[in-house]
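Visitor: Sequence first, predicted model second:
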Amino acid sequence: MTRVTTAWSVTSRTTQAAFMAAGGALAGVLGVRGALAVAGGLCVASAGFLPWGEGVLAYGG
């Protein structure tokens, strides 16, 4: 469990830093509004990765 926790911590910190740098670079190229539009579009598109199907409930009810 310690290895998993350590790997999770390292990965999350590295990923956060990488995406902040990418967001800053994107804002430098497109401007702040353009970068926010791209980020918003990616957030909306991420809904396509959610598990959809019959019998899948958000809670046990």
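Guide: Okay, I see it. In this text the structure is predicted, and so the values were computed from the model without any measurement.

Visitor: okay, CA-based contacts and neighbour counts for the rest of this
Guide: Will do.

Visitor: And the next helix or strand past the longest helix along the chain?
Guide: Secondary structure of the chain per DSSP state H: the longest helix is helix 2-30. As assigned by DSSP states H and E, the chain's next helix or strand after helix 2-30 is helix 32-45.

Visitor: counting contacts, what elements does that next one pack onto?
Guide: helix 2-30 (3 or more Cα pairs under 8 Å, 6 or more residues apart in numbering; DSSP states H and E).

Visitor: Check this protein and tell me which residue is nearest its centre.
Guide: Computing the C-alpha centroid of the chain and ranking residues by Cα atoms, centre = their mean puts Cys43 first, at 7.4 Å.

Visitor: who are the neighbours in contact with that one?
Guide: By Cα atoms under 8 Å, 6 or more residues apart in numbering, Cys43 lies in contact with nothing.

Visitor: how close does it get to Arg33?
Guide: 15 Å (Cα to Cα, to the nearest Å).

Visitor: So, low pLDDT: which residues of the chain?
Guide: 53-61 (pLDDT under 70).

Visitor: Dump stretch 12-26 to PDB, restricted to CA.
Guide: Below are the C-alpha coordinates for stretch 12-26, written out as PDB (Å, rounded to 0.1, in the frame of the first residue of the first chain):
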ATOM      1  CA  SER A  12      -0.500  13.600  -9.100                       C
ATOM      2  CA  ARG A  13       2.100  16.300  -8.300                       C
ATOM      3  CA  THR A  14       3.900  15.800 -11.600                       C
ATOM      4  CA  THR A  15       0.600  15.700 -13.600                       C
ATOM      5  CA  GLN A  16      -0.600  18.900 -11.900                       C
ATOM      6  CA  ALA A  17       2.600  20.800 -12.700                       C
ATOM      7  CA  ALA A  18       2.600  19.600 -16.300                       C
ATOM      8  CA  PHE A  19      -1.000  20.600 -16.900                       C
ATOM      9  CA  MET A  20      -0.400  24.000 -15.300                       C
ATOM     10  CA  ALA A  21       2.600  24.600 -17.600                       C
ATOM     11  CA  ALA A  22       0.500  23.500 -20.600                       C
ATOM     12  CA  GLY A  23      -2.300  25.800 -19.600                       C
ATOM     13  CA  GLY A  24       0.100  28.700 -19.300                       C
ATOM     14  CA  ALA A  25       1.700  27.900 -22.700                       C
ATOM     15  CA  LEU A  26      -1.800  27.700 -24.200                       C
END
